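[1] give me a 3D structure for the following:
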Amino acid sequence: QVQLVESGGGLVQPGGSLRLSCQASGFRFSIETMSWYRQAPGKERELVATIGPIGGMPNYLNSVKGRFTISRDNAKNTVFLQMNSLKPDDTAVYYCSTIITNIGRIWGRGTQVTVSS
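    Reported below is the predicted structural model:
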């Protein structure tokens, strides 16, 4: 069964840090580009970060550059999003996603990140 399961969200104060994880199963994780998206209340889902199959070519949303880092561990079928210097505007549900040949784009169920004092 193709599946993505996010974890690591929570409530954090402005300036704090969180590390999100996404555990993949049911497909060849090591050959797929992986992405993190987020969706804030009342807003469209937006692409936050993307990483290539062997960890190269990371790309970031402009507003998170220098604060967020995407990485992956292909031995553990896991992709991470390290989020530092968090701001209230980072509050959103964060989703892990990828596109699988002959299946299309798949999504995890998301993990809530709330940045508030």
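[2] from R67, how far off is the residue most central in space within the chain?
    Residue closest to the mean C-alpha point of the chain, counted by Cα atoms, centre = their mean, is W36 at 2.9 Å. Separation of W36 from R67 (Cβ to Cβ, to the nearest Å) stands at 13 Å. In this view, the C-beta of every residue, glycine as well, is placed from N, C-alpha and C.
[3] related to what we said a few turns ago, contacts only, for the residue nearest to the centre of the chain.
    20, 22, 47-50, 70, 79, 81, 94-97 (Cβ atoms under 8 Å, 6 or more residues apart in numbering).
[4] same thing with I106?
    2, 4, 97-100.
[5] distance check, it against D89.
    For I106, the distance to D89 - Cβ to Cβ - is 27 Å.
[6] now do D73
    29 Å.
[7] over to L81?
    The separation that L81 has from D89, given Cβ to Cβ, amounts to 16 Å.
[8] so which of these two has more stuff around it?
    Between L81 and D89, counting by other Cβ atoms under 10 Å, L81 is the more crowded of the two (27 against 11).
[9] what sits closest to that one if chain neighbours are left out?
    Take L81 and drop its neighbours on the chain: the residue closest to it by Cβ to Cβ, 6 or more residues apart in numbering is L20, 4.2 Å away.
[10] do R105 as well
    I99 (4.9 Å).
[11] what pLDDT does that neighbour get?
    Confidence at I99, expressed as pLDDT, is 96.
[12] low pLDDT regions in the chain?
    Judged by pLDDT under 70, the chain has no weakly predicted residues.
[13] list of residues touching stretch 45-59?
    30-39, 60-61, 64, 68-72, 74, 79, 81, 94-95.
[14] confirm that R72 sits in a helix.
    No - R72 is assigned strand when assessed by DSSP: H, G, I helix; E, B strand; the rest coil, not a helix.
[15] V79 is in contact with that one, correct?
    Yes - counting by Cβ atoms under 8 Å, R72 touches V79, with 4.5 Å between them.
[16] who has more neighbours out of these two?
    V79 (30 against 23).
[17] contact partners for that one?
    21-22, 24, 34, 36, 51, 70-73, 96.
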